[in-house]
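Visitor: Structure for the following, please:
(chains A and B)
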Amino acid sequence: MELRELIPWKRKTPYESRNENLLDSLQHEMTRVFDRFTHGFGQGELSKREEWWGSSFPAMDLAETDNEILVTAELPGIDEKDLDISLRGNNLIIRGEKKAEHEEKGEHYYHKESSYGSFHRAVPLPMEIDEDKIEATYKKGILKIKLPKSAEAQKNRTKIAIH
Amino acid sequence: MPQKDISVTRQGRSLAEQEHLRPQKNHIRPAVDIFETEQDLVLVADMPGVDKERLDINLERGILTLKGEIEASNHREPLFREFSLGGSYYRQFELSDVFDSNKTSAEFKNGVLTLTLAKSEAAKPRHIEIQH
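Guide: Next comes the predicted model:
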């Protein structure tokens, strides 16, 4: 058995499955090329989103309790010292770099699904944060950030009675 | 005939297809890199949120199974959610028999599993010197 057979399953990408109709696939390819081109210049759909959120890596989960905002990010395989978390205005900014630890000469890839390199993501926070009490932990490839709401922000919550 | 058991499976589906057809709910396919060096085959799987103790790597009859339970999330009402903790990772691979299963090593760090499978002596590249 060849080593190649380790790769258990090759899924058809959406592009491949369109190949039945040549003209369709050509059009699809052209659209893709143009989309990529415009993204780079800040006009594409993706970059509109990126103005707010940065890239979509790492994947995030944001939750709110009465006293704090909790941010969880999926960041496998990162050295703590390569992570940089900061607060700029109302934005939480997470920067970092994922380094490939296994860069050896002569290695041959059969399968590659993860990506390496630097990332940057900004998360707009819905309220003022007590900057001195932010806590962050990185364990098991999961980054957790606790952002306590400022006293002001907690006070500002008014319950509206329905008459 | 372990090989036969692998290829002839329920409903005539291959193992890979079966894995693919498992219910998606709560089963996450970890992203995997596989590369070969002269001595080994290395598999790197991203499995964030798993405790070392809850990671299960099993090599049986040529089938490598990766399983890992993910810590549960305590976030009940997310503001914004792209992933959620909880559930489990699951992925299987069919291995050829050129590996020395006694020389397999695994390392788990920062949510990344690195599995090194040593090639058996017969499978290693051999340089042949030309005699003068």
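Visitor: What count of nearby residues applies to the residue of chain B found nearest chain A?
Guide: Relative to chain A, the nearest point of chain B is residue B:111 (1.8 Å; C-beta to the nearest C-beta). Every C-beta, even on glycine, is put in place using the N, C-alpha and C of the backbone. Number of residues near residue B:111 (other C-beta atoms under 10 Å in any protein chain shown) recorded here: 24.
Visitor: how about the helices of chain B, start to end?
Guide: With DSSP state H, the ranges of helices along chain B come out as B:2-7, B:15-21.
Visitor: what does chain A give?
Guide: Using DSSP H, helices in chain A cover A:14-17, A:22-40, A:45-53, A:151-155.
Visitor: so where's chain B shaky on pLDDT?
Guide: Low-confidence segments of chain B (pLDDT under 70): B:1-26, B:75-76.
Visitor: residue of chain A with the smallest distance to chain B?
Guide: For chain A, C-beta to the nearest C-beta, closest residue to chain B: residue A:141, 1.8 Å.
Visitor: Relative to residue A:144, how far out is residue A:62?
Guide: Residue A:62 sits 11 Å away from residue A:144, taking C-beta to C-beta, to the nearest Å as the criterion.
Visitor: These two: who's more crowded?
Guide: Taking other C-beta under 10 Å, residue A:62 and residue A:144 do not tie; residue A:62 has more neighbours (22 against 15).
Visitor: separation between the more buried one and residue B:129?
Guide: For residue A:62, the distance to residue B:129 equals 63 Å [C-beta to C-beta].
Visitor: Identify the bridge partners of residue B:109.
Guide: Note on residue B:109: beta-bridge partners residue B:112, judged by DSSP bridges.
Visitor: same question, residue A:120
Guide: residue A:95.
Visitor: Burial check on it, number of neighbours?
Guide: For residue A:120, the neighbour count with other C-beta under 10 Å is 14.
Visitor: I'd guessed it sits against residue A:91; true?
Guide: No - using C-beta atoms under 8 Å, residue A:120 is not in contact with residue A:91; the gap is 11.4 Å.
Visitor: most centrally placed residue in chain B?
Guide: Nearest to the mean C-alpha position of chain B, by C-alpha atoms, centre = their mean, lies residue B:66 at 4.5 Å.
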